[in-house]
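S.K.: Quick one, structure for this:
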Amino acid sequence: MENDIETLQKILQEDPSNFQARRELSILLVNNGFNEEAETNLEYLTKYFPEDADLFYNLGIVYEKLKKFEQARDVYKKAVELSPQEDFYYNLGEVHVDLKEWDEAEKCFKKVLETDPNDGNSFFNLGLCYYNREEKNKALDAFQKAVSINPKDVYAYFYLGYIYQDDGLTNFAIDSYKKVLEVSPDYSWAYYNLGSIAFKSGNDEEAKEYLRKTIQYNPADYEAYKLLVKICLKNSETEEVLELLHTRLDEEENGDLYYCLARVYKFIGDLDEYYDNLQKALDNPYTLSYSKKAVKQELDYVGGQIGRHEEIEPERTVEEYHSENENGDEMSSEEESNNEFNDDEEPDEADTEYEELDSEYEDYDEDESDNYEQHENEQYEEIPEYTDEEE
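M.R.: Residues are numbered from 1 along each chain as shown. You can find the predicted model right below:
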């Protein structure tokens, strides 16, 4: 293949106007991941052949690979205008999804279904459009149609589970997540959400098993550690979470995990380790989603207790796991970037709603299990989507 590319490049060096050689080279470059070079050649060709729909289509594929979604949208539109083919509409729809242009995406996938009513991928993408427009009934219908056509559609099953869970239809949600795991046994988010359901149902042992599976398949799912710590402290079990937290922190420092570790050491009464890990949490502000102000107050208070510095009674306690949303379910494990630290930033409402400090400075509340719910809403769109690029 490399020899073919080199041969075509030599031909073009001798004769830059050899369009057939340039076309063949462009396709080889796309297929072998040389996207920038393919981009240059295809842009050159479209100037000379402005009525060639396939050239615009292939240029759109290159733009997608380079994450130039607006440019991809424009050339796919040109391809559709020149030749309204099913593949062209499908790729245009996917780019509209990437750009969160749900109405336009819906139109494209409906065009595909006019010619191929059994295109499961198009039904899945229609489900995404409806879901993101908060049309849950339509989304359910589309995802159900997707899995009826393709019983191995992991993502459609996952969205079904999430919608059912959000609507309180726990048994349907469990069935959908288990369908996910039948097809993809290492799908960590399904394990996490099953763990969340078990936790909120009071089945702590079952929840722990699912959370262990989550961490096994995705050691960077920090929400799983946080919920597991909560369950273990509730049941006075610290040995396992200490090992898990230390193991992960040896791999990568994380403010939230240091805070979790601090809570475990507080629980077992090791105030020096409690203090040290609160300090490490504050030393990693970009991955600390808890209130920095409240954690600092907690640090000052325990520092005074153990003589690290003058004791300062905090005005209020940190709200345990205040960064957790209203559900214990997640759409994605790749979310830490949402919690950027800004020294000039005013604390948000969640940061200022601390519980009043009691006499023993205890802020872990077993009843908080009812309040442990979902990851950031912004993460909904981070679930992997189809990238069915047809070249």
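S.K.: Residue 145 versus residue 136, what's the distance?
M.R.: 15 Å (CB to CB, to the nearest Å). C-beta here means a position set from N, CA and C on the backbone, and glycine is covered the same way.
S.K.: Oops, could you answer that again for residue 301 instead?
M.R.: As judged by CB to CB, residue 301 and residue 145 stand 56 Å apart.
S.K.: Please apply the same query to residue 230.
M.R.: For residue 230 relative to residue 145 (CB to CB), the value is 38 Å.
S.K.: Name the residue in those two with the higher neighbour count.
M.R.: residue 230 (27 against 20; other CB atoms under 10 Å).
S.K.: give the contact list for the closest residue to residue 118 other than its chain neighbours.
M.R.: Distances taken as CB to CB, 6 or more residues apart in numbering put residue 149 closest to residue 118, at 5.6 Å, once the chain neighbours are dropped. Going by CB atoms under 8 Å, 6 or more residues apart in numbering, residue 149 touches 118, 119, 120, 123.
S.K.: Assign residue 134 to helix, strand or coil.
M.R.: Look at residue 134: counting by DSSP: H, G, I helix; E, B strand; the rest coil, its state is coil.
S.K.: In the contacts of residue 149, which residue is surrounded by the most others?
M.R.: For the contacts of residue 149, neighbours were counted using other CB under 10 Å, and residue 123 has the most, 25 neighbours in all.
S.K.: pretty sure it is in contact with residue 142, am I right?
M.R.: Yes - counting by CB atoms under 8 Å, residue 123 does reach residue 142; the two are 5.0 Å apart.
S.K.: low-scoring stretches of the stretch 1-150 of the chain, by residue?
M.R.: Per-residue confidence for the stretch 1-150 of the chain (pLDDT under 70) gives these ranges: 1-3, 17.
S.K.: And the strands in it?
M.R.: Using DSSP state E, counting those that start in this stretch, no strands are found in the stretch 1-150 of the chain.
S.K.: any chance you could map the helices in it?
M.R.: Assigned by DSSP state H, counting those that start in this stretch, the helices in the stretch 1-150 of the chain fall at 2-14, 19-31, 35-48, 53-65, 69-82, 86-98, 102-115, 120-132, 136-149.
S.K.: Now render those as JSON lines, adding distance to residue 194.
M.R.: Formatted as JSON lines, those follow (distance: least, CB to CB, whole Å):
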{"stretch": "helix 2-14", "distance to residue 194": "47"}
{"stretch": "helix 19-31", "distance to residue 194": "40"}
{"stretch": "helix 35-48", "distance to residue 194": "39"}
{"stretch": "helix 53-65", "distance to residue 194": "34"}
{"stretch": "helix 69-82", "distance to residue 194": "34"}
{"stretch": "helix 86-98", "distance to residue 194": "27"}
{"stretch": "helix 102-115", "distance to residue 194": "29"}
{"stretch": "helix 120-132", "distance to residue 194": "20"}
{"stretch": "helix 136-149", "distance to residue 194": "18"}
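S.K.: To residue 296, which of those lies closest?
M.R.: helix 120-132 (37.7 Å; CB to CB).
S.K.: Just the residues contacting the closest one, thanks.
M.R.: Defining contact as CB under 8 Å, 6+ apart, one finds that helix 120-132 is touched by 90, 93-94, 97, 100, 102-103, 105-106, 109-110, 112-113, 116, 136, 138-140, 142-143, 145-147, 149-150, 153, 155-156, 159, 163, 380-381, 385-386, 388.
S.K.: got the CA coordinates for that helix in CSV?
M.R.: These are the backbone C-alpha positions of helix 120-132, laid out as CSV (Å, rounded to 0.1, in the frame of the first residue of the first chain):
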residue,chain,number,x,y,z
GLY,A,120,-31.0,0.5,12.7
ASN,A,121,-28.3,3.1,12.9
SER,A,122,-30.6,5.8,11.6
PHE,A,123,-33.2,4.9,14.3
PHE,A,124,-30.5,5.1,16.9
ASN,A,125,-29.5,8.5,15.8
LEU,A,126,-33.2,9.6,15.6
GLY,A,127,-33.4,8.5,19.2
LEU,A,128,-30.4,10.8,20.0
CYS,A,129,-32.2,13.7,18.3
TYR,A,130,-35.4,13.2,20.3
TYR,A,131,-33.6,12.5,23.5
ASN,A,132,-31.6,15.7,23.3
